[in-house]
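Visitor: A predicted structure for the sequence below; I have some questions about it.
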Amino acid sequence: MKKLVFSLLANRGECLMAPRSFSHPCLRLFFVIVSAAALTNCALSTSVRPAATHREAAALRDQLVALSPHVRVEEAERVANCACSTARQLARDYRVVGPPLFHNFLVNIGVRERGLCYQWARDLFVRLNQVPLQTLELHWGAARAGTWREHNCVVVTATGQPFEKGIVLDGWRHSGRLFWSRVEADHYPWREDEAERIGLTSKRPRPAAKKSTSLRHTLPES
C-alpha cells in the first residue's frame with residue numbers, strides 16, 4: 001500500500017509507473033476520498049485583499065532594486081507586480097487544492113490537469129518574459145535535475161549578474177502566494193538551466209499534453 005501511494009506521488013526525472021488499476025481496496029477508498037475532497041471545493045483559497053498583494057509586490061520590488069544600483073525602480077515594480085499577480089492567477093487557473101504536495105498527487109492521478117512545479121515555473125516565466133526588461137534578466141532554475149526530487153523556479157538577476165546572485169521566484173511552494181528568496185539563501189541547490197531559458201524566451205511551441213494513465217511528474221521536497 002505504501003509503495004502504491006508513493007508511486008502516485010513520483011517526480012519527473014525518474015517517473016515510477018502508476019498501478020494499472022485501483023484494485024487494492026484501501027487505495028480505491030483513498031482515491032475516492034481525495035477525489036471527493038477536490039471536487040467539492042476543499043481548495044486552498046487564493047483570494048486576498050488588494051492591500052496584501054500590494055504589500056507583497058512592494059517587498060519584492062525592494063529586493064529586486066537591491067540587486068544592483070543599476071536596477072530601475074519602475075522596472076522592478078513591474079516585475080514584482082506581474083510575479084505576485086500571476087502566481088495568484090495560476091492558483092485559480094490550476095484550481096489548487098491544499099498544500100502543493102497534495103495538489104501534485106491530484107495531478108498525478110488525473111483529478112487536476114496542471115499545477116506541478118515545472119508548470120508553475122514555465123507559466124510564470126512566460127508571463128514575466130512579456131514585461132519589457134532592460135536592467136533585469138530572467139533565468140530558469142533547476143534543483144536536483146533528473147531526480148524524483150527535481151524542483152524548478154524562475155530566477156531574476158540584474159542584467160549581467162551571475163545566476164547565483166539572483167532572486168528565486170516560486171509560485172508552487174506556497175500554492176499561489178509567491179515565495180522569493182536569494183538563490184544563495186534558499187535551501188534548494190539551484191543551478192541555471194540555460195537551454196530551458198533559451199527555449200522559453202524564443203517562445204518555442206510546447207507539445208500538447210497527452211492523455212495517459214502513467215505518472216505525471218514532479219514532487220519536489222517541501
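Guide: Sure, I can see it.
Visitor: Quick one: list the elements packing against the host helix or strand of Val155.
Guide: Element membership for Val155, per DSSP states H and E: strand 151-158. Applying 3 or more C-beta pairs under 8 Å, 6 or more residues apart in numbering; DSSP states H and E, one finds that strand 151-158 makes contact with helix 117-128, strand 136-143, strand 167-170, strand 190-192. The way it works is simple: take the backbone N, C-alpha and C, and place the C-beta from them, glycine included.
Visitor: and if we set it to 7 Å?
Guide: Judged by 3 or more C-beta pairs under 7 Å, 6 or more residues apart in numbering; DSSP states H and E, strand 151-158 is in contact with helix 117-128, strand 136-143, strand 167-170.
Visitor: CA atoms only for the shortest one - export them in PDB, please.
Guide: Pointing back at strand 167-170 there. Provided in PDB are the C-alpha atoms of strand 167-170 (Å, rounded to 0.1, in the frame of the first residue of the first chain):
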ATOM      1  CA  ILE A 167      16.300  36.000  -6.500                       C
ATOM      2  CA  VAL A 168      14.200  32.900  -6.700                       C
ATOM      3  CA  LEU A 169      10.500  33.300  -7.700                       C
ATOM      4  CA  ASP A 170       8.500  30.200  -6.800                       C
END
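Visitor: which strands and helices sit next to that strand?
Guide: strand 151-158, strand 179-182.
Visitor: Reformat the ones you listed as TSV; add mean pLDDT, distance to Ala195 and mean neighbour count.
Guide: Below are the helices and strands packed on strand 167-170 laid out as TSV (pLDDT from 0 to 100; distance: least, C-beta to C-beta, whole Å; neighbours: other C-beta atoms under 10 Å):
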stretch	mean pLDDT	distance to Ala195	mean neighbour count
strand 151-158	98	13	26
strand 179-182	98	24	18
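Visitor: Which among those strands is found nearest to Asp62?
Guide: With C-beta to C-beta as the measure, strand 179-182 is the member of those nearest Asp62 (10.9 Å).
Visitor: Report all helices and strands that the closest one contacts.
Guide: Looks like strand 179-182 contacts strand 167-170 (3+ C-beta pairs under 7 Å, 6+ apart).
Visitor: Can you give the strand pairings for the strand it packs on, parallel or anti for each?
Guide: For strand 167-170, the paired strands and their directions (DSSP bridges) are strand 151-158 (antiparallel), strand 179-182 (antiparallel).
Visitor: which residues are in contact with it?
Guide: 63-64, 67, 83, 124, 141, 153-156, 178-183, 186, 190 (C-beta atoms under 7 Å, 6 or more residues apart in numbering).
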